[in-house]
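Colleague: Quick one: sequence and predicted model below, then my questions.
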Amino acid sequence: MKAKIIDFIRRNRVSTTEVADCLGKSGVLENVLPINRGHFKVGNIKWVYAYAESNWDVHEQIISTEEDDIVFIEAFDCKHRAIIGELVCKYLLLYRQASAIICNAKVRDAGALLRENYPIWCTGFTPVGCFNTRPEHSLEASTIEYHKAMYEDAIAVCDDCGVVVIPKELHTDAFLQKLIHIEEQEDVWFNRLDHYKENTFEIVCLKKYLK
């Protein structure tokens, strides 16, 4: 069912806005936006973590990235440092054939990432990166377990609006039907606007088309 959901979203270019609506107006990764416009990506999440101002674990974990994975790098206690830059992005997108990169923190080497038009979503840029040394302590096992359960093998949908995550428990036929329904609803709403000249109050609130 997961593959069917990904295929439907990709073929119909179901937006993050529509997916968030299907999730009850939720699911967004806050403050995560594209660095390059016009990209649309949907796929399986490969969850990776960074912590304690170090990206040592990122370099180690991304080795197992599979083709078409969307790599989500989640940062813990990295302050305002960039987690990755051009080298890691090129490795993931070109050599590991990842579909996209998401980071809930900043990245660096902005000029190169913009020039290459890479499909990357993050919280911004900074020239100050993380240290590539092993942290003195490990990230708490409970934190790893909780966040991995939340994101690993979930579905990410990424577009100009940001990133929305569909959790594993919603990889069901019922959720697929919600996606199908909202696509049909969008068609109806714009038809009523363009051809029936109804106002948005009549369309969205009163739903005159149902009467």
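Modeller: It's in.
Colleague: List the buried residues for stretch 192-200?
Modeller: 192, 198 (16 or more other Cβ atoms under 10 Å). Bear in mind the C-beta positions are built from the backbone N, C-alpha and C, glycine included.
Colleague: Quick one: residues in contact with it.
Modeller: Outside of stretch 192-200, the residues within contact range by Cβ atoms under 8 Å, 6 or more residues apart in numbering are 202, 203, 208, 209.
Colleague: Quick check: the last one is in a strand.
Modeller: No - Residue 209 is assigned helix when assessed by DSSP: H, G, I helix; E, B strand; the rest coil, not a strand.
Colleague: beta partners for residue 166?
Modeller: residue 155 (DSSP bridges).
Colleague: So for the chain, the centremost residue is which one?
Modeller: The chain has residue 163 as the residue nearest its centroid, 3.6 Å off, counting by Cα atoms, centre = their mean.
Colleague: Secondary structure element holding that one?
Modeller: Using DSSP states H and E, residue 163 maps to strand 162-166.
Colleague: quick one, the helix or strand following that strand and strand 162-166 angle?
Modeller: Next in sequence after strand 162-166, counting helices and strands by DSSP H and E, comes helix 173-195. Taking axes from the mean of the first three to the mean of the last three Cα atoms, to 10 degrees, helix 173-195 and strand 162-166 form an angle of 140 degrees between their directions.
Colleague: after helix 173-195, next one along is what?
Modeller: helix 200.
Colleague: okay, now the closest residue to residue 4 other than its chain neighbours: neighbour count?
Modeller: Nearest non-adjacent residue to residue 4, counting by Cβ to Cβ, 6 or more residues apart in numbering: residue 176, 6.0 Å away. Counted with other Cβ atoms under 10 Å, residues neighbouring residue 176 total 19.
Colleague: same question, residue 48
Modeller: Neighbours around residue 48, by other Cβ under 10 Å: 28.
Colleague: close enough to count as contact, residue 178 and residue 20?
Modeller: No - with contacts counted by Cβ atoms under 8 Å, residue 178 stays clear of residue 20, the gap being 11.6 Å.
Colleague: for residue 73, helix, strand, or coil?
Modeller: Of the three states, residue 73 takes strand under three-state DSSP.
Colleague: check contacts around it.
Modeller: Here residue 73 is in contact with 48, 49, 50, 58, 83, 84, 101, 102, 103, 104, 105 (Cβ under 8 Å, 6+ apart).
Colleague: Show me what counts as buried in stretch 113-132.
Modeller: 113, 116, 118, 119, 120, 121, 122, 123, 125, 129, 130.
Colleague: can you give me the strands for the protein?
Modeller: Remark: strands assigned in the chain by DSSP state E are 33-34, 41-51, 70-76, 82-84, 100-103, 106-107, 120-122, 124-125, 155-159, 162-166.
Colleague: Is it possible to get CSV of these that adds distance to residue 92 and mean pLDDT?
Modeller: Compiled in CSV, the strands of the chain are given as follows (distance: least, Cβ to Cβ, whole Å; pLDDT from 0 to 100):
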stretch, distance to residue 92, mean pLDDT
strand 33-34, 16, 98
strand 41-51, 9, 98
strand 70-76, 6, 98
strand 82-84, 8, 98
strand 100-103, 6, 98
strand 106-107, 12, 98
strand 120-122, 9, 98
strand 124-125, 18, 98
strand 155-159, 14, 98
strand 162-166, 16, 98
